[in-house]
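**Student:** fold the stuff below for me.
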Amino acid sequence: MAKKKNRLANIRNIGITAHIDAGKTTVTERILYYTGRTYKMGEVHDGDTVMDYMQQEQERGITITSAVTTCFWRSKEIEIIDTPGHVDFTIEVERCLRVLDGVIAVFCGVGGVEPQSETVWHQADKYRIPRITFVNKMDRVGADYFGCIEMMKEKLGANPLIIQLPMGKEDTFEGVIDLIKMKAVVWEDETLGAKYKYIEIPSSFKDDAKNYREKMIEQVAEDDDEIMEKYLSGEEIREDELIKAIRKMTVNLKAQPVLCGSALKNKGIQPLLDAVVDFLPSPLDIPPIRGINPITGKEEIRKADLSESFCALAFKIQMDEGRKLTFLRIYSGSLKIGEEVYNSTLRKKERVARLFKIHANRRQRIDKVEAGEIAGAVGLKETTTGHTLCSEQAPILLEPIEFYKPVISVAIEPKSSKDEEKLSLALSKLAEEDPTFKVKMDEDSGQIIISGMGELHIDVLINRLYTDFNLEVHVGKPTVVYRETITKEVKALGKFEKQIGEIFVSAKIDLTISPLERGKGNEVHSIIEEGLFPQEFIESVKEGIWDSLTVGPVLGYPLTDIRVIVENIELNREENGQLALKMAAINGFNQGISKANPILLEPFMELNIIVPEEFMGDVINDLNIRKGEIKSLSSKGKVSIIEAITPLTKLFGYSTTLRSLTQGRGTFSMQFSHYDKALENQ
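**Tutor:** Next up is the predicted model:
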């Protein structure tokens, strides 16, 4: 048993997150090279990285899908997930964070905390994931290490713990100073950074190093009584004592160690790996996973232990040469090939045909996977993202993964009518891989409508139809996915009366329908006294209401931000009662919702625009024309940063306009902000 515990203590399940272009994939490539996982250093600009293996990722120079790999450092097994930095692929980050124990948050030394890095940070907050941070691109013009750290405090509410200082910056950046060892670290360019050494801190940096080491120890002492005692008595604090205290702070989310370097120039990666081993948690360091027993309805836990019953979460689906590959995080117990597992989400049994250790797009067959590991499984036909797999003898249902709703749609059709069936099959496979990609048939026009998180998301998926499935399609103009809501509270009475065979069934339901704040979603509650009706009858009422919320009265879009309370039920007999109550609920809801002043909502996007200062006026004028609301204006050197909220309907083709207004020098990113009253309704 001690050996098994030791194995778990030596595992690190980590993700690498960042805003697009912060250098996240380059950091990952250097990690793989220096750990001996690869023997050639891939470059994003050359399109030959290991982790960005899809054709479109290499052509576009961005990460689109999360990739998994394993490497070893100081006898520790590090499972790495490299996630996308573009907002259109946020679901890839969300579902990976759900199963990770720790994160390396990469920030650009020039850009600092950018919108997507902010989004991912708050996602990690939601899952309470310990983080270390790496300020990359310290060799770039405009790099500002301490400015980036201040942004972490202001924008993220972080508690950065500075454990390294850069030696120089921009073109004079030559290495880092380790404040724990109080040594400088320099790299040999001839070995592509593979060889490095610790040297005495140069005299020009000694005062800063002493000053920041003092601040680091003070910060650690605030959380650790033993360090505080030694600090106050003037005793020397050993390196291992500091590492132990910093690890505790990191795992308990009290602080985030900050390191720096330049991945492209091969500086800073090995100390970053040391920090992963020293500060990020093993599966034994995180709290046991919690779930609900689907039979008893009570909360249960599963510890990261082989002696516990098997429990795993399916967090990603990928089509691999026509086969469905399911990515699993094993939380407890173990799983062997050929074993039967219980899908507690579907309440069905499945059988695992094969198991794989995954290295980007390569697979290594294994016979068994154990607690704490991440692996791929083939043979799980009905399991999909967010489903729980467990032992049927000890069932548990883990919290599912939340998915984002699409905000943009396009109509497509195959160029050849003979490809209709092939297109339908291809779209269903893409939709199974990506829960934010939706496909439906427009009943009026007979067109196939696909929906996604943005123009890039849709463009990538349409390109995949060609590259992965050899399908060419006609594509319509993008349209916005609207929502509907109400603006006043109403009371509604739902009735259903029908002769079913020889039985007359009658049901009445009293509902209160009221609006909620924007972004709250929908709620359906019952205040019927317990025991008056069987629980399944109440569930039938709720089911009818939930079904009705999918189609609004204005233009048929889904309803949102609505609370429905079931206040009273009348039923003349229980036979066929569930059907009668469901129909009464639907009738009552539909009548009530039409009287509650329904309105159309449209998606608003958060824009972050970076432009040379001389073009700021033109860009702001254009935003005003697009009904944009300027949230903040700031300057950094000779560039201006504009943050605005703008309706998505006004942003189609914005990248072309921005290039035109700024002579190709402006850049922007956008992410979904919220739904609000459609401007055409105002």
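**Student:** how many other residues sit next to the closest residue to Val68 other than its chain neighbours?
**Tutor:** Of all residues not flanking Val68 in the chain, Ile358 sits nearest, at 4.6 Å (Cβ to Cβ, 6 or more residues apart in numbering). (Glycine included, C-beta is placed from N, CA and C.) By other Cβ atoms under 10 Å, 21 other residues sit near Ile358.
**Student:** next SSE after the strand or helix carrying Ile358?
**Tutor:** In this assignment (DSSP states H and E), Ile358 forms part of strand 354-359. Using DSSP H and E, the next helix or strand after strand 354-359 towards the C-terminus is strand 362-366.
**Student:** distance from that next one to the middle of the chain?
**Tutor:** Chain-centre distance of strand 362-366: 26 Å, with Cα atoms, centre = their mean, to the nearest Å.
**Student:** list the buried residues for that strand?
**Tutor:** For strand 362-366, a neighbour-count test (16 or more other Cβ atoms under 10 Å) marks Arg363 as buried.
**Student:** my read: Trp564 touches Ile545, true?
**Tutor:** For residue 564 the amino acid is Val, not Trp. Yes. Applying Cβ atoms under 8 Å as the test, Val564 and Ile545 come out as touching, 5.2 Å apart.
**Student:** find residues that contact each of the two.
**Tutor:** Common contacts of Val564 and Ile545 (Cβ atoms under 8 Å, 6 or more residues apart in numbering): 511, 524, 589.
**Student:** report back the residue of this protein that's furthest from centre.
**Tutor:** The C-alpha centroid of the chain is most remote from Glu502, which lies 54.8 Å away (Cα atoms, centre = their mean).
**Student:** I figured Thr133 hits Val103, correct?
**Tutor:** No. Thr133 lies out of contact with Val103 (Cβ under 8 Å); the separation is 9.1 Å.
**Student:** how deep is the nearest residue to Pro515 once chain neighbours are set aside tucked in, by neighbour count?
**Tutor:** Spatially, and ignoring its direct neighbours in sequence, Pro515 is nearest to Ile486 (5.0 Å; Cβ to Cβ, 6+ apart). Neighbour count of Ile486, defined by other Cβ under 10 Å: 24.
**Student:** and the gap between Ile486 and His674?
**Tutor:** Separation of Ile486 from His674 (Cβ to Cβ, to the nearest Å) stands at 17 Å.
**Student:** low-scoring stretches of the stretch 351-500 of the chain, by residue?
**Tutor:** For the stretch 351-500 of the chain, applying pLDDT under 70 flags the ranges 360-361, 443-445.
**Student:** hey, where'd the strands end up in the stretch 501-650 of the chain?
**Tutor:** Ranges of strands within the stretch 501-650 of the chain are 503-515, 523-526, 562-571, 599-612, 629-636, 639-647, based on DSSP state E, counting those that start in this stretch.
**Student:** contacts only, for the most centrally placed residue in the chain.
**Tutor:** In the chain, the C-alpha nearest the mean C-alpha coordinate belongs to Glu94, at 1.8 Å (Cα atoms, centre = their mean). Contact analysis of Glu94 by Cβ under 8 Å, 6+ apart lists 123, 401-404.
**Student:** for those, work out which two are farthest apart.
**Tutor:** Using Cβ to Cβ, the contacts of Glu94 span at most 13.0 Å, a distance reached by Gln123 and Phe403.
**Student:** circling back: that's a helix at the residue nearest to the centre of the chain, yeah?
**Tutor:** Yes. With DSSP: H, G, I helix; E, B strand; the rest coil as the criterion, Glu94 is located in a helix.
**Student:** Ala314 versus that one, what's the distance?
**Tutor:** Here Glu94 is placed at a distance of 14 Å from Ala314 (Cβ to Cβ).
**Student:** what bridges to the residue lying closest to Thr70 once chain neighbours are set aside?
**Tutor:** The shortest distance from Thr70 to any non-neighbouring residue, by Cβ to Cβ, 6+ apart, is to Glu79 (5.4 Å). Counting by DSSP bridges, Glu79 is bridged to Asn13, Thr70.
**Student:** which strand residues bridge the residue nearest to Val68?
**Tutor:** Under DSSP bridges, the beta-bridge partners of Ile358 are Arg363.
**Student:** list the residues that contact it.
**Tutor:** Each residue near Ile358 by Cβ under 8 Å, 6+ apart is listed here: 68-70, 327, 364, 374-376.
**Student:** could I get the residues you listed as CSV with distance to Arg659?
**Tutor:** As requested, the contacts of Ile358 are exported to CSV (distance: Cβ to Cβ, whole Å):
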residue, distance to Arg659
Val68, 36
Thr69, 36
Thr70, 41
Phe327, 38
Gln364, 44
Ile374, 41
Ala375, 44
Gly376, 41
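**Student:** show me which of the residues you listed are buried.
**Tutor:** The neighbour-count test (16+ other Cβ under 10 Å) marks 68-70, 327, 374-376 as buried among the contacts of Ile358.
**Student:** mind listing which of these are in helices?
**Tutor:** The helices in this structure, assigned by DSSP state H, contain none of the buried ones among the contacts of Ile358.
**Student:** out of those residues, flag the one nearest to Gly531.
**Tutor:** Out of the buried ones among the contacts of Ile358, the member with the shortest distance to Gly531 (by Cβ to Cβ) is Phe327, at 44.2 Å.
**Student:** roughly how far does the closest one sit from Asp171?
**Tutor:** 42 Å.
**Student:** ok, now Val106?
**Tutor:** 21 Å.
**Student:** comparing these two, which residue is more hemmed in?
**Tutor:** Comparing Val106 with Asp171 by other Cβ under 10 Å, the one with more neighbours is Val106, at 25 against 9.
**Student:** which one of Gln123 and Phe403 is surrounded by more residues?
**Tutor:** Counted by other Cβ under 10 Å, Gln123 and Phe403 do not tie: Gln123 has more neighbours, with 18 against 15.
**Student:** run the angle between whichever strand or helix holds that one and strand 599-612 for me.
**Tutor:** Using DSSP H and E, Gln123 falls within helix 115-126. On the basis of axes from the mean of the first three to the mean of the last three Cα atoms, to 10 degrees, helix 115-126 is oriented at 120 degrees to strand 599-612.
**Student:** buried stuff in helix 115-126?
**Tutor:** Neighbour-count burial for helix 115-126 flags 115-121, 123-124 (criterion: 16+ other Cβ under 10 Å).
**Student:** what helices and strands are in contact with it?
**Tutor:** Judged by 3 or more Cβ pairs under 8 Å, 6 or more residues apart in numbering; DSSP states H and E, helix 115-126 is in contact with strand 11-17, helix 90-97, strand 102-108, helix 145-156, strand 667-677.
**Student:** weakest of the ones you listed in terms of mean pLDDT?
**Tutor:** The weakest mean pLDDT among the helices and strands packed on helix 115-126 belongs to helix 90-97, with a mean of 76.
**Student:** now the angle between strand 667-677 and that one, please.
**Tutor:** Using the same axes, to 10 degrees: helix 90-97 against strand 667-677 is 90 degrees.
**Student:** off-centre distance for helix 90-97?
**Tutor:** Distance of helix 90-97 from its chain centroid, counting by Cα atoms, centre = their mean, is 3 Å.
**Student:** before we move on, the earlier item: now pLDDT too, for the buried residues of helix 115-126, in CSV please.
**Tutor:** Conversion of the buried residues of helix 115-126 to CSV gives the following (pLDDT from 0 to 100):
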residue, pLDDT
Pro115, 73
Gln116, 73
Ser117, 81
Glu118, 80
Thr119, 77
Val120, 83
Trp121, 88
Gln123, 82
Ala124, 88
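**Student:** now render those as TSV, adding distance to Lys195.
**Tutor:** Below are the buried residues of helix 115-126 laid out as TSV (distance: Cβ to Cβ, whole Å):
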residue	distance to Lys195
Pro115	38
Gln116	34
Ser117	31
Glu118	36
Thr119	38
Val120	33
Trp121	34
Gln123	37
Ala124	34
